[in-house]
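Student: based on what follows, work out the 3D shape:
(2 chains)
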Amino acid sequence: DAGVIQSPRHEVTEMGQEVTLRCKPISGHNSLFWYRQTMMRGLELLIYFNNNVPIDDSGMPEDRFSAKMPNASFSTLKIQPSEPRDSAVYFCASSWDTGELFFGEGSRLTVL
Amino acid sequence: GQNIDQPTEMTATEGAIVQINCTYQTSGFNGLFWYQQHAGEAPTFLSYNVLDGLEEKGRFSSFLSRSKGYSYLLLKELQMKDSASYLCAVRKEGNRDDKIIFGKGTRLHILP
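Tutor: Model (predicted):
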């Protein structure tokens, strides 16, 4: 299996621009998680899906953040408009029934 | 809410043993994970405890006491490649599905 695939690996953008991060989970997994990691705050859960349905989005910082999972093999995390404080590494992870998480390699976002 | 505490940094010597502690306070506890994360990489799964006691896996062991809200990760025969961050994560029951919340991690430095 190819593992969890995230794109882009690196993104540098200017404040106010829209950012879209993409994730393809491992085939057969039914849970998908979006995390954000910074030195100060560690690995924070933003939102997670079960069977493509958003279960808990209480970690999404504000309305500028949105996430979708239109089918079992694809999810997006969108930030519009982006701000410098959104700079972080964004990880997508998938699992079967919230068991062991398999992480993608992360998308490193820098907002100037 | 939930609170997961672990030391920020630890240092140990190659060949020695180190114990990394994690304490947690959460409602709906449903298991505890340990993950390893090398600098610039994604977290990878080490262990999962749902019942009290010690789980051994090669050089790594993980212990859980649910009544005390306490876990530790024990690393034996330390090698230089064990220099990494170690993340404690709690599986928490939700209304519709469980979610996984991470502590901020313990950065482990191995000295030759």
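Student: so where's the chain uncertain?
Tutor: In the absence of a named chain, chain A is used. Along chain A, the model assigns pLDDT under 70 to residues A:1.
Student: wait, chain B was what I had in mind.
Tutor: In the prediction, chain B carries residues with pLDDT under 70 at positions B:1-2, B:95-96.
Student: go again with 90.
Tutor: Within chain B, the segments meeting pLDDT under 90 span B:1-2, B:26-27, B:93-99.
Student: residues from it in reach of chain A?
Tutor: If contact is defined as C-beta under 8 Å from any C-beta of the partner chain, the residues of chain B in contact with chain A are B:33, B:35, B:41-45, B:48, B:87, B:91, B:94, B:96-105. The way it works is simple: take the backbone N, C-alpha and C, and place the C-beta from them, glycine included.
Student: now do 10 Å
Tutor: If contacts are counted using C-beta under 10 Å from any C-beta of the partner chain, the residues of chain B sitting beside chain A are B:4, B:6, B:30-31, B:33, B:35, B:37, B:40-48, B:85, B:87, B:89, B:91-105.
Student: residue contacts, A:Met60?
Tutor: Residues touching A:Met60, when contacts are defined by C-beta atoms under 10 Å, 6 or more residues apart in numbering or on different chains, comprise A:Trp34, A:Arg36, A:Leu45, A:Leu46, A:Ile47, A:Pro54, A:Ser66, A:Ala67, A:Leu77.
Student: mind doing that once more with 6 Å?
Tutor: A:Leu46, A:Ile47 (C-beta atoms under 6 Å, 6 or more residues apart in numbering or on different chains).
Student: next one: it from A:Tyr35, what distance?
Tutor: 12 Å (C-beta to C-beta, to the nearest Å).
Student: return the subset of the residues of chain B next to chain A lying in helices.
Tutor: With DSSP state H as the criterion, helices contain none of the residues of chain B next to chain A.
Student: and these, which of them are buried?
Tutor: By the neighbour-count criterion of 16 or more other C-beta atoms under 10 Å in any protein chain shown, these include these buried positions: B:4, B:6, B:31, B:33, B:35, B:37, B:42-43, B:45-48, B:85, B:87, B:89, B:91-92, B:94, B:97-105.
Student: name the residues that touch stretch A:79-95?
Tutor: Contacts with stretch A:79-95, where a contact means C-beta under 6 Å, 6+ apart, come from A:4, A:6, A:13, A:15-19, A:21, A:23, A:25-26, A:29, A:31-38, A:64-65, A:101-104, A:106-111.
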